[in-house]
Each structure stands twice: as C-alpha cells, then as structure tokens.
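Colleague: just a sequence and a predicted model for now, questions to come.
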Amino acid sequence: MKNPHPILNQEEIKHKIRRIAYQIYESSMEENEIIIAGIARNGFILAQKLDKELKDISPLKTTLCEVKIDKKNPLGEIKTSLAPETYENKAIILVDDVLNSGTTLIYGVRHFLKVPLKHFKTAVLVDRNHKKYPVKADFKGISLSTSLSETVKVIFEENNERVELY
C-alpha cells in the first residue's frame, strides 16, 4: 500500500464533528428527540462522537442506533440495535465515516423507510464525490475530490485520530 497522505488530524476531526453537531442541532431545533443511527464500525464511532457533542451543546434528546450492513452485499439483511417502532415517526440522522459511491448510505436509507419517519438526514465525515446513487450528505466534515483508485481511511485510534488518503 502507498504511503498515506494526511487529510485531517485529531484536532481537525474534533472541529468538524463539533460543527456537524451544531448543524444537526440547528436543523432539528423543533424536534423533541432525534435518532442518531451509525453504520457499524467507523460510522457508529462517529455517531457516538456526534451524540456526545449534541448532548454538550443542546437540550435535544438523542438516541443512538447501530446499523449493521454488509457493505459487500448491501441487499442482504440490515440489522439495527433499535426496533423499528422505536424510530417510527422520529427524526433520523444516518451517519457513516466516508461517503464513497453512496451504496451503503442508500441501502441504509431504504431500510429505515420501511416505517413512517418525521424526517431523515445523512451525515459523513468525508464526502468523496464519487456517487453511484442519488444520495447526498446533508452534513459533512469535508468534501474531497479524489480519483477512483485512491482510498480514504478514517482511523479512530485513541490520541491519534486521523483521515488519510492512500
């Protein structure tokens, strides 16, 4: 693998997460509760960080939800840590670390649309602008124009969080 090119460091990631949390709060001020649904692994870690920031900056009641989706087979079963009746008629923010082709997000969106929702938005730390599907990030930390052969990695290591381009 090629040497990584640093995109964001720990401090920059922290600032991006705080800004996204403020944007979510501003767009959800009329809500009593929002569901923050993170796609398993890095998306869920990012969702936890957003949840913590939202609790620090707002009176919003937030509920975390982990979304398990097979990124190689998104048509397979998608599991959530919350039962559908828990998020029915609620506002949902679907969170992932990187928006590549949009496949994971669009199948995640499809899963939640099986029940009526109040509103639905998406948040990502990095938007790569290589969409295969008509899905967008409502909230994003950074937009990157990359070639298809490049890879963006978000690394959530304690005291060494970073985003790298390979």
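Modeller: Okay, I see it.
Colleague: which helix runs longest in the chain?
Modeller: Looking across the chain with DSSP state H, the single longest helix is helix 10-27.
Colleague: does anything pack onto it? Which helices or strands?
Modeller: Helix 10-27 is packed against helix 42-57, strand 119-127, strand 139-143, strand 162-165, with contacts defined by 3 or more C-beta pairs under 8 Å, 6 or more residues apart in numbering; DSSP states H and E. For every residue, glycine as well, the C-beta is placed using N, CA and C.
Colleague: could I get the buried residue list for the next helix or strand after it?
Modeller: Toward the C-terminal end, the helix or strand that comes next after helix 10-27 (DSSP states H and E) is strand 33-39. Within strand 33-39, the residues scored as buried using 16 or more other C-beta atoms under 10 Å are Ile34, Ile35, Ile36, Ala37, Gly38, Ile39.
Colleague: let me see the mean pLDDT of strand 33-39.
Modeller: In this model, strand 33-39 carries a mean pLDDT of 98.
Colleague: could you tell me the angle between it and helix 42-57?
Modeller: Angle between the axes of strand 33-39 and helix 42-57 is 150 degrees (criterion: axes from the mean of the first three to the mean of the last three C-alpha atoms, to 10 degrees).
Colleague: low-confidence ranges in the protein?
Modeller: 1 (pLDDT under 70).
Colleague: before we move on, back to that, switch the helices and strands packed on helix 10-27 over to a markdown table; also include distance to Leu94 and mean neighbour count.
Modeller: Rendered in a markdown table, the data for the helices and strands packed on helix 10-27 read as follows (distance: least, C-beta to C-beta, whole Å; neighbours: other C-beta atoms under 10 Å):
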| stretch | distance to Leu94 | mean neighbour count |
| --- | --- | --- |
| helix 42-57 | 8 | 19 |
| strand 119-127 | 5 | 23 |
| strand 139-143 | 10 | 18 |
| strand 162-165 | 20 | 18 |
